[in-house]
Every structure is written in structure tokens, then in C-alpha cells.
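**Q** One predicted model, sequence on top.
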Amino acid sequence: MSDIINQSLNQIIKRVKTKEISSTDLTKAYIKNIEGAKKLNTFVTTTFDQALDKAKQFDNKPNFDQLLPGIPLAVKDLFCTENVKTTAGSNILNNFVPSYESTVTKNLWDNGSFLLGKLNCDEFAMGSSNETSYFGNVINPVGDQLVPGGSSGGSSSALAADLTPATIGTDTGGSIRQPASFTGTVGLKPTYGLCSRWGIVAFASSLDQAGPMTKDITDCAIMLEAMSGFDEKDSTSINKKKENYSKNLKDNIKGLKIGIPKEYRVDNMPKEIDELWEKGKKILKDLGAELIDISLPHTKYALPTYYIVAPAEASSNLARYDGVRYGYRSKQGKDLIEMYEKTRSEGFGDEVKRRILIGTYVLSSGYYDAYYLKAQKVRQLIKKDFDDSFKKIDGILTPSTPSSAFKIGEKTNDPVSMYLNDIFTVPVNLAGLPALSMPAGADKQGYPLGLQLIGKALDEQKILNIGYAFEKNCGFKNEIKKWWS
Amino acid sequence: MSKEKFDYFIKGEKDKYEVVIGLEVHAQVLSKSKLFSGSSTKFGADPNNQVSLIDSAFPGMLPVINEECVKQAVRTGLGLNAKINNYSVFDRKNYFYADLPQGYQISQYKNPIVGEGKVLLDMPYGSKVIGIERLHLEQDAGKSIHDMDPSNTYVDLNRSGIALMEIVSKPDLRSPDEVNAYIKKLRSIMRYLGTCDGNMQEGSLRADVNVSVRKEGDKNFGTRCEIKNVNSIKFMQMAIEYEAARQVELIENGKEIDQETRLFDTKKNETRSMRSKEDAHDYRYFPDPDLLPLKLEQQLIDDLKKSLPELPDKKKERFIKEYGLNAYEANVLVSEKDISDYYEEVAKLSDKKLAATWMMGDLFAMLNDRGLDISKSPISTKHFAELVQSIKSGEISGRIAKEVFEIMVESGDNPKKIIESKGMKQQSDPKELEKIINEILSKNKDKVDQYKAGKEKLFGFFVGQVMKLSGGKANPQLTNEILKKLLKG
Amino acid sequence: MSLDKEKIKHVAKLARISVNDAKVDSLTKDLNSIFKFIEQLNELDTNKVEPLTSILNQSLRSRKDEINDGKIREKVLKNSPKDSDEFFVVPKVVE
């Protein structure tokens, strides 16, 4: 059985369809793996009984025409799931059980899959190493001292350790792509508005996007197809026809123009990253793509801009966690204001508090123009950089991260060095564009590294195609030894 | 009509002060569902029964705007002769309170849906234009109930998320009377438009009142205080009077006025500082990232404009021209849409001028006594018009008409039936009247002689006797004529 | 610009997060290093740049005025920390 669940989602789907394996047996195999992988600390909540019921229902009355027939899936604990505890990795939501299902997870279930459990993540998705979760840090299956990236660290780790055949995360500044890169998996952040935000615990509304995390590009296309789509409950959802990403996947990229932005060659970047980038360029060129040097001049201002915009929105989005209607309430509050202050102080972790304070400050009277307004102007410039470049190119190739997975505790005392992890991923969120991270190689320690493909708005199919062609010709295989079981 | 002169000043020990007032009126938009959710807006439901997961700000919930609320705001803007902005933005106003579930109110800050406009007031000293600064859409908050429990506050979110229009006036008002006229005019316009029911008891119309004072003739404004959330015109007027006097006293004692938010205590009839709100005053407005800018097509605005009903100012002009009313009558009869509708139906069927007089007299007095809106009048427009026509044609006298009116109110019968069944028809047959008058004259020969000798006051005595003998039914005009003729003879 | 302890306490008050003195010290250090990083933006002249209001180039979509939500009091109150069948209950507001 374990040879089946080592495989990619599309292989597993094939085996379910050919009845080589039942949904029940598949689910049991994952449950066994999950129970043997407690060390990784990937799951906050498991829903095994419920999953086995659903699997049985599927096996009794299978529908093989669905995109995800009888497939158990674990999802990031930022998606609200009906009658299943949803914590966002926070003490303040430690006891919160939603009475509703997020649109994105509902879309997955409507395509034949069901919930296996909820995956650990950085608290309110704020973090790049999954060390800010109230439920403890997640360990990267690549090595027992390594972070899995963040904030979708439980997702990347569970996927890489075969605890779920595919998963979904959310990406506000790199929270899908960076952990994908750290675990040798594929992660895609869709165009802003492609996946509904309804029912996802919000971090920064203008940047948050849900997206797939998978073992390969084909899986990524399947998952994106299943989860995306217009939602009238989200005012920022784009109303367009659903696309068949998996059916339209093509590996012919001849003649496509790939931009190489000079600003992504940053100071002190490890040589291995640079070499990886060169390797990527060569593969695409050999496949008939045309490489074009481009400039995205405001790249270096993306991260400072992000650390104004995202905390500002977060400070407001997280105001609803006040102990009044749901979630944690401090027992110490004598009057209303004291109750608020104690509840929020005890309910939020340090990184979340830090960002709420940053956000509150940059919006406060006398500082709004200098920080928030300034950042929205620079955001305009960053968007314009991409708009101008995309007039002459089809996609952009960059490294996903400036380093491979780092050690647990290595950056927790220096917020800015932690933030710098997202230097290549953040500009894309600011511009609302789609981007995927795909495994491309490993550093000398054997830790995986990823390359990032950025596309035009709503051009997911094209970057999936480029990734698909790349994957076939890259020759990198992410080998993970099961040291934890 | 002689025009009075404006005269509302606060007299201090040393100087006379002018009071400068601006209002921020919060008017609840008439819509079935809330501004950003599908919960009902109906008044009086059980606590928390009209609350969705959006109104109670559950994680991951998102707002979607109600198109009718947008249209209502545009209609109101058009009714205030205001500029409609094709581009407007929703912002978050951030503060913590138990009845504000999101921790922010969705409002409009820099780019409101409606810009500058104006409202015309008819004051005894002439008409006055009050400038409108802006109108924007925002969410209402829930309700905190403090008196159910000594240590806890109970929160009902039924009101949370209902659409409000905040209508901000320029500081153009100068007296409590003008405030009264302004609120009534605004309310009238919105009721005509069907955009707000203006029901102050249910909280559909409330205002924050900005008050400052300055020496008569001064060009610069004084420091203003904002009195929050006053929910009746009477309280607004009382609050202004108290606050203006307080400020004048401070100035005359050489003290500074703090620019602050104050509360009107209706029991003590005074305003006092709300210091606890001061530190939370930094609202950290920023565009709501869950919503996009609202872009209105000019076509939509034009269509809404075409479909607007006739508004009070226009209607007043028409009433003067078409029905021959004077400005005062027209003003009263257009003040409420229901009143003007009633009048127009009556005027269609009867004498226009007489209808106005009788409506403003007996009908209004009766409605007032019974605390009824005209829409609940026990007398239908058809019956009322018949009554007016009976007076006009001379079928009954004014005095009899009052009796008929009373019976109409009690019975709901039509006046014709009442007049006939009670034999109240006016005696207008000259021969019959002559008979009665001759009888009276022959009985009172001494008085006739006195009259002829010059004591003309006695004329009234004879009229009285005729009325008495005819049971009040004698046509007064005819009675006069015949009496005069016979007394001469 | 540097953030002093008083400012941080004020901001924490606005954000309704209680911070003790030890916390203020570490926050002061962290926030100042973050703001030093953020203030790179001051290198850019943005006088002629329009701020971005939305990343999506479309107008706000609206819904019809229909009552299709609410009447779910049980669901709404289910997660509330203090029990009442009708209301949310909070400690008294001291004005």
C-alpha cells in the first residue's frame, strides 16, 4: 500500500479509477502514515472517523467522473470547515468550531474528495517557518532540525511526508511557494480573485490567496481546477469561466518569451541559488523558449511595502478576535476594555502582536501618509513594473527563495532576517499575479531548492505548461527518507 | 404677511453671541436587507434573530453590497440637489466596542457617494439655504443593553450592519428653530423619496450636533463641540441651548473651549464630556480591502433621476400656481407626502381653497388630538371632499359642517347621509326664511323700533333668533340679506 | 524616526493589547529594527504616484435586496464564551 501513497495525486486517482485501490483502503493507508508521523507535528486536528465514513460512502456509490474521486485530503487550518475545529494556529481560536465551510474546501469536496484533518500553520499565517503556531513548530521531513517553511508549513511537511496526496495552503507573501521550495514540492499562488476568500481566516485581504500544494505540476493543475471558481459571496472574486487546467496541460513551450529580472540577483545570495537559476534558464532555453533580460526596478521596495500593507490590513482583520462572540476570552477582564486587552494579549502570540502593532501604528493619525499611503503608492509602482514587462514576455523565471530550509530557531530572534525569506515571493502578491514554485534541485546539503515562475494575471495555464515542460526535463527527484517513523 | 427678523443670540454679560450649528444626521436606509448581508432590517425582532455570520463578524466572512442601498443613497443625493460621485470608496473606521463585531465600521471617508448639495428652509424671516457637505453610506452598530444585569452588558446585533446614510450639513444653521426646520425638511424629502422612514422613536433618524459660538459679527468660527447621537428634535434643541450657554459662559470667564465629544443627558438636561472616548479617537481609516471602489454608471444616475417623485419644493410652487394657495398653506400641505397626497385627492373633487382651509383646521386638529397620521385618518378623501362641497354649495353652513364632521369621525358615514338623516340641510328657500324672519320681527316689535332708531347692534340679535328658530339651519348669507330688506321696510 | 516606549504603549492601547514593561522593551527593539527596514521606502519620490486602491481593475459587484440570511441565532451564539440563549454577554462597560 505504501507504494501507492508514495505516488503523486494523478497516479493515485488513476488507481482509484481502475479500482486497484478503494477509497477506504487509501484513507486507511494515510491514517496509518499520519499516526506514525506525530513527530512532524503537522496535524492540529484529525477527522479520521468522518473520513472513513466518506470513503465508505464513496466506495458504495463511486463516481469516477469527478476530479478527485474518493480522495482524502488534509488542508491548512486556516480554512473554516463545518463542525470541525478551525484554529488558524492560534490560541485565540483554540476552541472555535465553525458552522460553515469555506468556498474553496467546499469546491474540493464537491469534486469528490473529503477531509482527513487540519494542518498546522503559522499563527494567522504570519510567519515563514511555522514556528509561530500556538500548536508548536512543524518539522520538515527533509531533516529533523529543519523548518518546513511557512506559513503553510504543516501543509508542505504533510505533503512531502506522504500524509496527504495533495493539499491546499494560503499565500499572502509567499506562504505557499516558500514552504513548497523548502520541501521539494510544487506550490501555486493563483491570480488574486481566482479562488474565493470566503470562509478563510483572513490575514491581509488584498494579498491573501488560496492555492494548491502538490507533488507535481499535473497534480497542481487538477487541484487548481477543483478549488478555483467564481464566488458571489466574495466581492473580490473574478467572474470568469472555469478552466480545465489539467486537460489543457501541454509541454510545448517553444517560442515562449521568458523574462529574467536582473533585480532578483541579490547581494549575498548563495552561489547554489544562482547556479540553480542558471540551470533553469538553460532547461527552458533548450526547450525552445526565448530568454529576455528584463528589469523590475522597484523589486527591492516590495518587502518594505509588504510590511506596511499586510500588517495594516491584519491589524483591522484581527480586531474581531475580541473574546465577545467566539474564541478565547480571558477570565481576568473586570470591565470590557480590560477584557479586550487581556484576551488579545493572552490569545495572540508574539509575532501576531508585533504585526498588529506595526499595522495599528502605520494607520494611526499622523503616520498614515508617511507609511500606509506611501506603501500603496509604491505598490502601484511595483504593479506597473510587472505590467510593463508583461507587454513583451509570457512568464518570468526567478529563484523561489534566497536560501534552502534553515534550522529551527535560527531566525526567531531576528524578525527582519526572517522577513527577508520572502524577498522573491512578495512582489507577486503585491501585484496580484499568479506564480508557482517548482522543485529544481538541491543544495550541497541535499536540501531541496525551488524556482519560481510568474505569470500574467489569469495566465495560470501558461505557467503550469512551462512548469510541466520544465519538470519533465529537469531530472531532479526529491528523495525523502522516512526517518521519523 | 410681515416678515419677522432673525433674532437668536445668546446674551452674555458683555456681548451678544451667534450660535453656529452643523448636523451629522444618521438616517436609516429603507431596504429589506442589510448593507452587506442578507439579514432582515425589520424593527422589533427578537434579539440576535436578524443576525448573519457576516453581521456577527465570524472568521472569513466577507461583505457584498446591497444594490438597493446604493440606489437609495443616490436618490437621496438627487433629492438634496447634490453632486453624485461616479467613483466612491468604502473605508474601514477602526475602533473597539462590544456592539461593533468586526472591530471596524465600514463607512466612506475620503470618497463619499454623494458630494455637495443644498436644502431650502422656509423660516418666518424668509427662506434660507443650508449647505450639504456630503452624504455617505455606512453600517449601523448593534445595541448594548446595560440595565439587564449589574455586572454584565448584553449585546443584540439585530441592528448591526443595517445601512445608514450619514448626511453632513455645512455649519449653516444658527438657531434651534432652524435645526427643527432642517430636520423636518430632510425627513420630509427622504419620506417623499421613500429612502428613510424618518421614525425617530425607532432610531431611524438620529444626529450628532456640532455647536460653536462667536461674537455677533465675528467672521471666524469658534471651537466646536460635538454632541453625539441625539435622537429627537426636542433634545437637539435643548442640547444646543445648553451647550451654547455653556460655551458663552466659558468665553466670558476667559476660559478655553476644548474641542471634544459630549453627551446629552436627557434626564439632567445638560451636556457632558465623554472623556473615555477620547483615547479611542484615532479611527485609522483605510480603504476596505474586502471591497472594490464603487463605480456608478451615469446611465443609472440618470434613470434614478427620471424616476424621482415630485419633491416638496417643487410641489409647493405647483400648489401655489395650480390651486391658488398662499405660501403658508402650500408649505403646510407639502410638508409630508401623505398630507399632500390627501390634499390633492380632495382638491380634485372639491373647492381647492376651501379644502385647504378645512384640512388645516378641523382635520389636522382632529388628527392631532387622536395622535393619528393622515394615512390613518378616519375620514376618507372622498367623504372629506363631499363635506367641502356641501359647504361650498351652501347646502350646509360652516357651523353645521363642524357638527357633520364630528359625526363623520365617529361613524365613518358619508356626509350626505348624515346631513339627510339628521335633517341638517341648510334652509336656503327665501320664502321659508321670510316666514321665519317675519315671525321674529313681529314678536320683537320694541327691538325693531330701537334698531330703526339707530341701535344697529341689534342686528346680531335678530340673526341669532333666526338661527335659534331654524335649528341652526338658516343660510346665514340669505338670512342677512332678507333681514336687512325687511328691517328697512 | 524611532519608536519610543510611550508610543508603543499608546499603539498597544489603540490595538487593545495589554503589554507589560518587559514586553515593551523587546517590542521597542524589534519594532525599531523593522521600521528601519521599512523606511527604505523614503528613498523613493512618490509625489506624482496615485496610491493603489484595488489590485483588481473592476467595479464593485452588488447583490439584490433580498432577505436570505439571519434567523440563525443558535449558530451565531453557539461559540460565544458566556452562555445566554438570546444575547452576547460581556463585562460591563465602564464609561
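**A** That came in fine, so what should we check first?
**Q** Spell out which residues of the stretch 51-200 of chain A are next to chain B.
**A** A:80, A:86, A:88, A:93, A:96, A:98-100, A:102, A:197-200 (Cβ under 8 Å from any Cβ of the partner chain). C-beta: built from backbone N, CA, C; applies to glycine.
**Q** in a helix, that's where B:D208 is, yeah?
**A** No. Assigned with DSSP: H, G, I helix; E, B strand; the rest coil, B:D208 falls outside any helix and is strand.
**Q** I'd assumed B:E24 was in contact with it.
**A** Yes. At 4.2 Å, B:D208 counts as touching B:E24 under the criterion of Cβ atoms under 8 Å.
**Q** coming back round to it: neighbour-wise, give me the winner out of the residues of the stretch 51-200 of chain A next to chain B.
**A** When neighbours are counted by other Cβ atoms under 10 Å in any protein chain shown, A:A88 leads those with 34 neighbours.
**Q** what domains does the record give for chain B?
**A** As given by automatic domain parsing, the domain ranges for chain B are B:9-305, B:310-421, B:430-488.
**Q** Let's test this: mean pLDDT of the shortest one, rounded?
**A** Average pLDDT, domain B:430-488: 88.
**Q** what's the closest non-adjacent residue to A:I12?
**A** A:P165 (5.2 Å; Cβ to Cβ, 6 or more residues apart in numbering or on different chains).
**Q** so where's the longest strand in chain C?
**A** Secondary structure of chain C per DSSP state E: the longest strand is strand C:88-91.
**Q** ok, which residues in the stretch 201-350 of chain A are in contact with chain C?
**A** A:206, A:232, A:235-236, A:238-239, A:298, A:300-301, A:303-305, A:307-308, A:315, A:319, A:322-329, A:333-342, A:344-345, A:348.
**Q** Is the residue in the stretch 251-400 of chain A that chain B sits nearest to in a helix, a strand, or coil?
**A** The stretch 251-400 of chain A approaches chain B most closely through A:A319 (2.3 Å), counting by Cβ to the nearest Cβ. Secondary structure assignment for A:A319 (three-state DSSP): helix.
**Q** Please give the number of neighbouring residues around the spatially closest residue to it that is not a sequence neighbour.
**A** Closest residue to A:A319 apart from its sequence neighbours, by Cβ to Cβ, 6+ apart: B:G103 at 2.3 Å. Residues within reach of B:G103, counting by other Cβ under 10 Å, total 23.
**Q** mind listing what B:G103 touches?
**A** Residues near B:G103 by Cβ atoms under 8 Å, 6 or more residues apart in numbering or on different chains: A:S316, A:L318, A:A319, A:R320, A:D322, B:A57, B:N94, B:Y95, B:F96.
**Q** Quick check: next helix or strand after the host helix or strand of A:Q452?
**A** If you go by DSSP states H and E, A:Q452 is part of strand A:448-455. For strand A:448-455, the following helix or strand on the C-terminal side (DSSP H and E) is helix A:460-474.
**Q** middle-most residue in chain C, spatially?
**A** Centroid-nearest residue in chain C, with Cα atoms, centre = their mean: C:A15, separated by 6.7 Å.
**Q** For the residue nearest to that one when sequence neighbours are not counted, the count of nearby residues, please.
**A** Spatially, and ignoring its direct neighbours in sequence, C:A15 is nearest to A:T360 (4.3 Å; Cβ to Cβ, 6+ apart). By other Cβ under 10 Å, the residues close to A:T360 number 27.
**Q** Tell me who's in contact with A:T360.
**A** A:T360 neighbours (Cβ under 8 Å, 6+ apart): A:S315, B:R284, C:V11, C:L14, C:A15.
**Q** quick one: what helix or strand has it in it?
**A** helix A:350-363.
**Q** Let's have the residues of the stretch 51-200 of chain A next to chain B in a markdown table, adding secondary structure.
**A** Below are those laid out as a markdown table (three-state DSSP):
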| residue | secondary structure |
| --- | --- |
| A:C80 | coil |
| A:T86 | coil |
| A:A88 | coil |
| A:L93 | helix |
| A:F96 | coil |
| A:P98 | coil |
| A:S99 | coil |
| A:Y100 | coil |
| A:S102 | coil |
| A:R197 | coil |
| A:W198 | coil |
| A:G199 | coil |
| A:I200 | strand |
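**Q** With pLDDT and distance to A:P415 added, can I get those residues in TSV?
**A** What follows is those, written out as TSV (pLDDT from 0 to 100; distance: Cβ to Cβ, whole Å):
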residue	pLDDT	distance to A:P415
A:C80	98	29
A:T86	98	27
A:A88	98	20
A:L93	98	23
A:F96	97	27
A:P98	98	31
A:S99	97	36
A:Y100	98	34
A:S102	98	29
A:R197	98	26
A:W198	98	31
A:G199	98	30
A:I200	98	25
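**Q** List the residues that contact the closest residue to C:D4 other than its chain neighbours.
**A** Distances taken as Cβ to Cβ, 6+ apart place C:T28 nearest to C:D4, at 7.2 Å, with adjacent residues excluded. C:T28 is in contact with C:L3, C:D4, C:K5, C:I8, counting by Cβ under 8 Å, 6+ apart.
**Q** roughly how far apart are the last one and chain A?
**A** According to Cβ to the nearest Cβ, to the nearest Å, C:I8 stands 7 Å off from chain A.
**Q** After the helix or strand where that residue lies, heading C-terminal, what element do we hit next?
**A** Element membership of C:I8, judged by DSSP H and E, is helix C:5-14. Following helix C:5-14 in sequence order, the next helix or strand is helix C:21-38 (DSSP H and E).
**Q** Let me know the average pLDDT across that next one.
**A** Mean predicted lDDT for helix C:21-38 stands at 93.
**Q** could I have it exported to CSV, CA atoms only?
**A** Only the C-alpha atoms of helix C:21-38 are listed here, as CSV (Å, rounded to 0.1, in the frame of the first residue of the first chain):
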residue,chain,number,x,y,z
ASP,C,21,7.1,46.6,30.8
ALA,C,22,9.3,43.7,29.9
LYS,C,23,7.4,43.2,26.7
VAL,C,24,7.6,46.8,25.8
ASP,C,25,11.4,46.6,25.9
SER,C,26,11.6,43.7,23.5
LEU,C,27,8.9,45.2,21.3
THR,C,28,10.8,48.5,21.1
LYS,C,29,13.9,46.8,19.9
ASP,C,30,12.0,44.6,17.3
LEU,C,31,9.8,47.3,16.0
ASN,C,32,12.6,49.8,15.6
SER,C,33,14.6,47.3,13.5
ILE,C,34,11.5,46.6,11.4
PHE,C,35,10.8,50.3,10.9
LYS,C,36,14.4,50.9,10.0
PHE,C,37,13.9,48.3,7.3
ILE,C,38,10.6,49.7,6.2
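**Q** Thanks a lot, catch you later.
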